[in-house]
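Asker: pasting the sequence and the predicted coordinates here, then a few questions.
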Amino acid sequence: MRCWLGVDVGAAQKGFDVALVDDHELLLLRSRLDCEGVIGVAESARPRLVAVDSPRHCANDGERSRPGERQLARAICGIRWTPDERRVRANPYYAWIVAGLMLYDVLADRAVDAIEVFPTASWTRWHGTRDGRSRSMWTKQALASLGLDGIPARTNQDQRDAIAAAFTGRQHSLGLTESIGEIVVPFERAAAGRDLRKASPRR
């Protein structure tokens, strides 16, 4: 089965949210997993790739952000900066980034392909800017525009971001993304009402 796994990264208290999609529907949505729980889902589902909503690397020594983050902020939307590893590991605020770095390492050890994504950029490319809407309303509307079956009636923001990560991973397999630094984002905003599932993956 052809499928893609999206991961919204959180530190130990929140854990990871994961979403598994195929070409037509949401197959699985789980919350509060630890790193091994995510790996268990990946090894069971065998997705084409895992799309992770967390920085893949820290900034260079002495830097307070990565070049790709600065470029994305100019081109698409705001993004939180990722400083160098010394600052990341010294500040508890960045515990979620440390958790993401650990996940990337374990995925690599298990030979699971992974990419870095940023759901806020994906939502913006698919559905335009928020324009005064709450983040919750904006992402609910954007999620509905994807045309995926199996979406629960109620989802929280972390779950929606995990779904966006998975769908971005799927678009990456379709050749419908670009990389801004290490961050993979959809090419452009979808036309209103367009079913984004219509394209077929590259062979």
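Answerer: Ah, there it is. All values derive from a computational prediction rather than experimental measurement.

Asker: would you mind finding the longest helix in this structure?
Answerer: helix 157-174 (DSSP state H).

Asker: what is that one packed up against?
Answerer: The helices and strands touching helix 157-174, judged by 3 or more Cβ pairs under 8 Å, 6 or more residues apart in numbering; DSSP states H and E, are strand 4-8, strand 16-21, strand 26-33, strand 50-53, strand 114-117, helix 119-127, helix 135-145, strand 183-186. Placement of C-beta: from N, CA and C, glycine included.

Asker: parallel or antiparallel, which strands does the fifth one pair with?
Answerer: I take that to be strand 114-117. Partners of strand 114-117 in the sheet, by DSSP bridges, are strand 50-53 (parallel), strand 183-186 (parallel).

Asker: buried deepest among those, which one?
Answerer: Counting by mean count of other Cβ atoms under 10 Å, strand 50-53 has the highest mean neighbour count of the strands paired with strand 114-117, with a mean of 27.

Asker: now mean pLDDT and distance to W123 too, for the strands paired with strand 114-117, in a markdown table please.
Answerer: Formatted as a markdown table, these follow (pLDDT from 0 to 100; distance: least, Cβ to Cβ, whole Å):
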| stretch | mean pLDDT | distance to W123 |
| --- | --- | --- |
| strand 50-53 | 99 | 12 |
| strand 183-186 | 98 | 10 |
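
Asker: mind putting those into CSV with distance to L26?
Answerer: CSV is the format used below for those (distance: least, Cβ to Cβ, whole Å):
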stretch, distance to L26
strand 50-53, 14
strand 183-186, 18
